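Student: Sequence first, predicted coordinates after that:
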Protein chains: 4
Amino acid sequence: MQVPPEPKPRWERRKDARPQELLAAALGQFVERGFAATRLEDVARRAGVSKGTLYLYFENKEELFKAVVREHIVNAIGAAEQTVAEFDGHSGELLRAILMRWWDQIGATELAGITKLMMAEANNFPDLAQFYNVEVIERGNRLISSVLVRGIARAEFRPHDTEVMTAVLTAPVLMLMMWTHSFLPCDMSALDPQAYMEAFIGMALNGLLPPGANVA
Amino acid sequence: MQVPPEPKPRWERRKDARPQELLAAALGQFVERGFAATRLEDVARRAGVSKGTLYLYFENKEELFKAVVREHIVNAIGAAEQTVAEFDGHSGELLRAILMRWWDQIGATELAGITKLMMAEANNFPDLAQFYNVEVIERGNRLISSVLVRGIARAEFRPHDTEVMTAVLTAPVLMLMMWTHSFLPCDMSALDPQAYMEAFIGMALNGLLPPGANVA
Amino acid sequence: MQVPPEPKPRWERRKDARPQELLAAALGQFVERGFAATRLEDVARRAGVSKGTLYLYFENKEELFKAVVREHIVNAIGAAEQTVAEFDGHSGELLRAILMRWWDQIGATELAGITKLMMAEANNFPDLAQFYNVEVIERGNRLISSVLVRGIARAEFRPHDTEVMTAVLTAPVLMLMMWTHSFLPCDMSALDPQAYMEAFIGMALNGLLPPGANVA
Amino acid sequence: MQVPPEPKPRWERRKDARPQELLAAALGQFVERGFAATRLEDVARRAGVSKGTLYLYFENKEELFKAVVREHIVNAIGAAEQTVAEFDGHSGELLRAILMRWWDQIGATELAGITKLMMAEANNFPDLAQFYNVEVIERGNRLISSVLVRGIARAEFRPHDTEVMTAVLTAPVLMLMMWTHSFLPCDMSALDPQAYMEAFIGMALNGLLPPGANVA
DNA sequence: CATGAATGAGACTTCATTCAT
DNA sequence: AATGAATGAAGTCTCATTCAT
């Protein structure tokens, strides 16, 4: 016999769902306007609540932003770390998989706006920068680096400085996110992200192969 | 015989110099704070004039910013176009030269802050975005593309979509500028620009070579 | 034979105790922060209930405050009136007793904070001022005055305007309360209340004695 | 021949007078409402300027308040110090003079509201309390104490602890100020300040005289 | 009885822009 | 040409009070 999960009264369900709704609204607004230019009143309106309600759930604007990042970005990194740990094949394929997945799950979504926002405003909000650096950047870089180290160890990549190469390899992806959320929305020069990613990864893998392994 | 241009009295020369001083002050402030966060009062103080004086020379904040861009960025592109037109050698070398020069003359200087600023705030200031896109981005992209076209035509590069590859190739440089003016000042992970540029260009040229031309 | 009042079941006793707990919490918060600056949320938290509960027992902030005053201050005055009625000795001793008792039972306790609060905020909350004036001030003044009248009648005090002298005599005590709850907490100049009260009463009694009765 | 003082242009005169106007408006508003309850917008309206103008002259609300105190209170103390230094007569007369003058120049004026305000809100604004304690209270107390010391030295006062007595003697004056700006405005019990001061000073001087010197 | 989520008016503070001098 | 005083809209955050559950 099934005991249906006791349905919470609407009012309480509301309470539980509220933070998610607020975070979703905040994400949208932050992505559209940036951190400084986002008005909490707009976030509230977007979530269908009053200004004051935001402060029931988040201490202030910065904490609201951090919550958005934790909710949407930090989790995704954990999943990627899992993938790397379990992968069993050519490091070039692993690198391709990780980068494409980064693009697909973050870069191609609204979330890329957060990455762009951080690059754009880190300077003006040192606390946020510190937070994001620890929770996202350093952790993400470690992930990419580990793939490069693996590739070199297995003689699938030519030897190189993996720290620097990590910066080089992440740059085009980051840049594509930036691009997508800066000039592209002003409907300037169209740019096909898939083609861009393919071109970049093709070139990169090619450039990483050990001497003599270059192929068409 | 040449008649030397009558030397202006000092106070009048000062009058002519005034806009330059204002632009220099504005550049510094924009780079440090970004467009929105720059207060005209700070620009004025930095230039040693009053707030009102700014409005004698520039209609408003946006026009002041455009003037900064014209003064410092647009000119540099013209010079680079010259270089390309006159170059006579392997396209890989030309590409390397153009990219390194971009880095040295813009990326490594205060001016990179403008590039970063535009990526960061284009969304919030569509007029600026439009202006910058026409005057800087499209023109700069045409320059890189022309080098790729040249390389393919001379069979020095493998065939590829030059538009996309331009985006890919500019990304790491742009990204390094962004980086330098976003997280690095918060003294996070140090990153050696020279090493970064070398790694990137090395990889890129390697990846662009025609099949079979790969070398150590 | 007395039939003891039927003992209420525990949960109901708790119900009866609830207002007392709320008043205690309110007293503490009002004393610490003042009337305007006290947040009902803090009162509620301090009492271990929710904000809404306060409104079940008290119509609003002002009524809550009035209840605190009635509970803690008004009662004390009644007791003092009793003492005066029953006293049988030199009026100087009676005055000393009343003043010392006022200090010991109110001034030296948390309750002095209410006196201070009223002086501080009467102006901004005329309704509270009116209430406090009738329930506390006028009644208290009548008490002191009656002692002075008694002293003059018995030729134990020199003749004087008892209304004015009441104000003069209450001033140092009131001031000590104010002091204790304004600058002293900021740990400024220490001041020994006992010494202060002794000095004041000694001087006052001395000043009140009939001509020729001055003693060391 | 008289050279009329060159009349400043209206605009500049305005600038010079502006801070005084603002301080006057602020004084009035602070006295009427207290510190926390004073809205800067009201101060501005009272001075006939816009809200923003206040911030041209004073960094924030606290600095505005400090400026009011410096302008109106601190100066008065200096003058009183002068009087004491120059006085040549019985210390009782000096004490009477100082206290009456304090009342006349501060207590009976709008400025008493500042004294009341500080007692009322010192607790909630520790920075202001600190400032006021150093600039006003300690300095004022030193002044009174010095008179008592003088009186004892000249055998015009009975020996006593001058620190404590200073607190006792200032209390009635302070209290009268408090009174005037707390309950009296609510037009409660009238109280004649002159009679109050006379009664207090008479009693106090009487109480301070050396043993045996008591007179009618 | 009790809860606590929600509201919304209102406070301080900032800054691009104007304009009398 | 230059000043700098003045404006006022806008943004973050607070809190007494209400009300559905």
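Tutor: Ah, there it is.
Student: what's the residue nearest to A:Glu135 when sequence neighbours are not counted in contact with, if anything?
Tutor: Excluding its sequence neighbours, the residue lying closest to A:Glu135 (CB to CB, 6 or more residues apart in numbering or on different chains) is A:Val74, at 5.5 Å. Quick note: C-beta positions are derived from backbone N, CA and C, even for glycine. Counting by CB atoms under 8 Å, 6 or more residues apart in numbering or on different chains, A:Val74 touches A:Glu135, A:Val136, A:Arg139.
Student: and A:Ile73, how many neighbours?
Tutor: For A:Ile73, the neighbour count with other CB atoms under 10 Å in any protein chain shown is 19.
Student: Let me fix that, I meant to ask about A:His90.
Tutor: Around A:His90 there are 14 residues (other CB under 10 Å).
Student: again with the one 3 residues further on
Tutor: Neighbours of A:Glu93 under the rule other CB under 10 Å: 12.
Student: That one: which element?
Tutor: Using DSSP states H and E, A:Glu93 sits within helix A:91-102.
Student: Just confirm yes or no for the helix or strand just after that helix near chain B.
Tutor: Per DSSP H and E, the first helix or strand lying C-terminal to helix A:91-102 is helix A:112-121. Yes. Interface with chain B: helix A:112-121 contributes A:Lys116, A:Met118, A:Met119, A:Ala120, A:Glu121 (CB under 8 Å from any CB of the partner chain).
Student: Taking helix A:91-102 as reference, get the angle to helix A:112-121.
Tutor: For helix A:112-121 against helix A:91-102, the angle by axes from the mean of the first three to the mean of the last three CA atoms, to 10 degrees is 90 degrees.
Student: Return the list of helices and strands in contact with helix A:112-121.
Tutor: In terms of contacts (3 or more CB pairs under 8 Å, 6 or more residues apart in numbering or on different chains; DSSP states H and E), helix A:112-121 is packed against helix A:10-33, helix A:126-132, helix A:162-180, helix B:112-121.
Student: Tell me which other helices or strands the shortest one touches.
Tutor: Applying 3+ CB pairs under 8 Å, 6+ apart, we find helix A:126-132 packed against helix A:61-69, helix A:112-121.
Student: any bit of it sitting next to DNA strand F?
Tutor: No. Under the criterion of CB under 7 Å from any atom of the strand, DNA strand F is not reached by helix A:126-132; the shortest gap measures 11.4 Å.
Student: And that helix, how far out from the chain middle?
Tutor: On the basis of CA atoms, centre = their mean, to the nearest Å, helix A:126-132 is displaced by 15 Å from the centre of the chain it belongs to.
Student: how much does the helix or strand following that helix deviate in direction from helix A:162-180?
Tutor: For helix A:126-132, the following helix or strand on the C-terminal side (DSSP H and E) is helix A:138-153. When the same axes, to 10 degrees is applied, the directions of helix A:138-153 and helix A:162-180 differ by 130 degrees.
Student: how many neighbours does the closest residue to A:Leu174 other than its chain neighbours have?
Tutor: Excluding the flanking residues, the one nearest A:Leu174 by CB to CB, 6+ apart is B:Met175, at 5.6 Å. B:Met175 is flanked by 25 other residues according to other CB under 10 Å.
Student: ok and the residue in chain A nearest chain C?
Tutor: The nearest approach of chain A to chain C comes at A:Leu56, 11.3 Å away (CB to the nearest CB).
Student: Distance of that residue relative to DNA strand F?
Tutor: 8 Å (CB to the nearest atom of the strand, to the nearest Å).
Student: Extract the residue ranges of chain A that are flagged as low pLDDT.
Tutor: Within chain A, the stretches with pLDDT under 70 are A:1-16, A:185-190, A:212-216.
Student: neighbours around the residue in it that chain D sits nearest to, how many?
Tutor: For chain A, the residue closest to chain D is A:Asn60, as judged by CB to the nearest CB, at 19.5 Å. The number of residues packed near A:Asn60 is 10, by other CB under 10 Å.
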